[in-house]
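> Just a sequence and a predicted model for now, questions to come.
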Amino acid sequence: QVQLVESGGGLVQAGGSLRLSCAASGRTIRSYTMAWFRQAPGKEREFVAVFTRSNGYTYYADSVKGRFTISRDNAKNMVYLQMNSLKTEDTAVYSCAASIGYYSSRSAEYDYWGQGTQVTVSS
């Protein structure tokens, strides 16, 4: 079992930055592919970014490419999402997820989830 707890969300103006953190416990995240997803009100959950478990590749949704950066610190059991140049359409609840698989942008492939942290971007 892996427990995930996100933090770092909040209210920010468009163009600003936020850094989300995901603290894992229970098991080391070294063996897991770690990802961030988000869900806006009235919309389905969508993939944001992933950091694979073995070779350390990163992949991003087109909507955040060039603005968001996912990183991980296996020694600290932490995953981060640096979000720059935020837009109002980035407003959502952001969740951290862990998968034993190699890579996926499908939420169904992820085994463990955090409770989420709210990010609100104002115009």
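Received, thanks. Numbering: from 1, shown residues only.
> Is the residue positioned nearest the centre of the chain in a helix, a strand, or coil?
The residue lying closest to the centre of the chain (CA atoms, centre = their mean) is Trp36, at 2.2 Å. Here Trp36 is recorded as strand under DSSP: H, G, I helix; E, B strand; the rest coil.
> shouldn't it be in contact with Ala98?
No. With contact defined as CB atoms under 8 Å, Trp36 does not count as touching Ala98 (11.1 Å). C-beta here means a position set from N, CA and C on the backbone, and glycine is covered the same way.
> overlap in contacts of those two?
Counting by CB atoms under 8 Å, 6 or more residues apart in numbering, no residue touches both Trp36 and Ala98.
> what about the residue nearest to the centre of the chain, distance to Trp113?
Distance of Trp36 to Trp113, computed by CB to CB, to the nearest Å: 11 Å.
> Find the residues that touch each one of those two.
Joint contacts of Trp36 and Trp113 (CB under 8 Å, 6+ apart) are Ser95, Cys96, Ala97.
> Neighbours of Gly116, how many?
Neighbours of Gly116 under the rule other CB atoms under 10 Å: 19.
> To clarify, my last question referred to Val119.
Residues near Val119, counting by other CB under 10 Å: 22.
> Leu20 too?
Residues lying near Leu20 (other CB under 10 Å) number 24.
> Tell me the bridge partners for it.
For Leu20, the beta-bridge partners are Leu81 (DSSP bridges).
> in stretch 6-20, what's buried?
Glu6, Gly8, Gly9, Val12, Leu18, Leu20 (16 or more other CB atoms under 10 Å).
> Let me have those in a markdown table, adding secondary structure, distance to Arg45 and pLDDT as columns.
Shown next, in a markdown table, are the buried residues of stretch 6-20 (DSSP: H, G, I helix; E, B strand; the rest coil; distance: CB to CB, whole Å; pLDDT from 0 to 100):
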| residue | secondary structure | distance to Arg45 | pLDDT |
| --- | --- | --- | --- |
| Glu6 | strand | 14 | 98 |
| Gly8 | coil | 19 | 98 |
| Gly9 | coil | 16 | 97 |
| Val12 | strand | 21 | 98 |
| Leu18 | strand | 19 | 98 |
| Leu20 | strand | 16 | 98 |
